[in-house]
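Participant: with the input below, show me the fold.
(one chain, ligands or ions: 1)
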Amino acid sequence: MVETHNSPEKPWNMNLNTLETDHTYAQPSGLTMRAVQYDQYGDADVLHVGDRSVPHRQPGQLMIQVFASSVNPVDYRLRRGDMKGLIPFGFPRVPGYDVAGIVVDTDSGSSFMVGDRVMAFLDHTRGGALADYAVCAVSAAAKIPDSMSMQEAAAIPLAGTTALQSLRDHGKIKSGQTVLVNGASGGVGMFAVQIAKSYGCHVDAVASGRNREFCLSLGADHFYDYEKEDFLKSNERWDLIFDVAGKAHYLEACKVLKEGGHFVSTEPSIKGLLMTILTWPLSKSGQIMLATPSADDLRELIRLHEIGKLKVTIDSSFPLEQAAQAHRRIEAGVDHGKVVLNHAHSKDALSSKTP
Ligand SMILES: NC(=O)c1ccc[n+]([C@@H]2O[C@H](COP(=O)([O-])OP(=O)(O)OC[C@H]3O[C@@H](n4cnc5c(N)ncnc54)[C@H](OP(=O)(O)O)[C@@H]3O)[C@@H](O)[C@H]2O)c1
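Facilitator: Model (predicted):
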């Protein structure tokens, strides 16, 4: 089905990554590939591995051999049918938005070369990360440095972009502000705490008590255990409240927001849309955000990682074939950090640097 290349004379095999010297990559030579897919809505049991057509690369896109991917809450929400009608193209559907891998096909003259190590945030409507190959717009991918493993790279795109866009674009974060991250220990929250710290903010983190030390290790200045203490009843006041967990309400949050402050939620709802429309002229705004793939933002996240300001914590990793277990893990609630899938052909590349 696939043709394997591992010839040392190919420049992209020579020094792809000092940590992944014995690298193997494969271009699709047939019409089908291995993919995790589902043909109906339901619990994680509907996920199965099967053959599927290799996606067609359009001009302006990259084809990536996927070495690692990650799972986000939106994946199980879509699989369960919570967002029926919002996603076109019907069944079968290949889940997943985050990929890390190797470019195996691109336009001539593109800013990417065959053999580049990349991460990408796949198109909202199609997904398709849990497969041997994925295609994405050049504007949704970024080269990853030698210092970053494929697992780390796969953990970043959707969750990291959500955190960055929420704080910077919606929350208008500024140095010296007070920021509260509600849901600080999960995929989005762990990036949000670190990004807010990188802006020079005072950061308060909210999670369950078992994640106190983890949140403080991310750089949080203060911790609220949501099972014991309600930050909405606190005497503190914040410039920015980022409700990652989608558990707070704008009207309540307003009571603990400073004048000119911003409340940003990740939870899509009709109420949230109304909040976004009605509160934008007010001194305390409330916004729902929807993360948008952006190569610039991926590059910014990579930059923060390279200067040591954005560490990636992997909660757990599973082989691609155990995608259903990975979905169950995130659906039940992770300990902290991201759930990652290792694609089998990535064994060589992952062996030398597994977090
Ligand atoms: N709009 C968008 O574009 C967008 C993008 C990405 C994610 N999201 C949404 O954002 C949410 C978080 O995503 P994620 O990847 O970070 O999920 P996750 O990894 O499952 O993390 C969930 C976080 O919420 C915390 N939490 C659970 N119950 C809470 C409560 N009652 N109060 C405060 N915190 C609570 C958890 O802490 P403990 O584990 O300690 O309980 C954990 O820190 C999901 O609903 C997801 O769908 C939206």
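Participant: the residue of the stretch 151-300 of the chain found nearest the ligand: how many residues sit nearby?
Facilitator: The nearest approach of the stretch 151-300 of the chain to the ligand comes at residue 186, 1.8 Å away (C-beta to the nearest ligand atom). C-betas here are computed from N, CA, C, even on glycine. Neighbour count of residue 186, defined by other C-beta atoms under 10 Å: 24.
Participant: one more: residue 111?
Facilitator: Neighbours of residue 111 under the rule other C-beta under 10 Å: 12.
Participant: try residue 214
Facilitator: Residue 214, neighbours per other C-beta under 10 Å, totals 20.
Participant: isn't it right up against residue 336?
Facilitator: Yes. With contact defined as C-beta atoms under 8 Å, residue 214 counts as touching residue 336 (4.7 Å).
Participant: overlap in contacts of these two?
Facilitator: With contacts defined as C-beta atoms under 8 Å, 6 or more residues apart in numbering, the residues shared by residue 214 and residue 336 are 185, 190, 207, 313.
Participant: from those residues, which two are the most distant?
Facilitator: Pairwise distances among the shared contacts of residue 214 and residue 336 were taken by C-beta to C-beta; the largest, 12.8 Å, belongs to 207 and 313.
Participant: overlap of the contact sets of the two?
Facilitator: 214, 336.
Participant: between those two, which one's more packed in?
Facilitator: Each of residue 207 and residue 313 has its neighbours counted (other C-beta under 10 Å); residue 207 has more, 27 against 19.
Participant: and the more buried one, how far from residue 197?
Facilitator: Residue 207 is 16 Å from residue 197, where distance means C-beta to C-beta, to the nearest Å.
Participant: per-residue confidence at the residue nearest to residue 220 when sequence neighbours are not counted?
Facilitator: Using C-beta to C-beta, 6 or more residues apart in numbering and skipping residues adjacent in sequence, the residue nearest residue 220 is residue 205, 3.7 Å away. Model confidence at residue 205, given as pLDDT, is 98.
Participant: burial measure for residue 205, as a count.
Facilitator: By other C-beta under 10 Å, 29 other residues sit near residue 205.
Participant: give me the three-state assignment for it.
Facilitator: Following DSSP: H, G, I helix; E, B strand; the rest coil, residue 205 is assigned to strand.
Participant: kindly report the same for residue 114.
Facilitator: Secondary structure, three-state DSSP: residue 114 is coil.
Participant: ok, it touching residue 65?
Facilitator: No. When contacts are counted by C-beta under 8 Å, residue 114 is not listed as touching residue 65 (10.1 Å).
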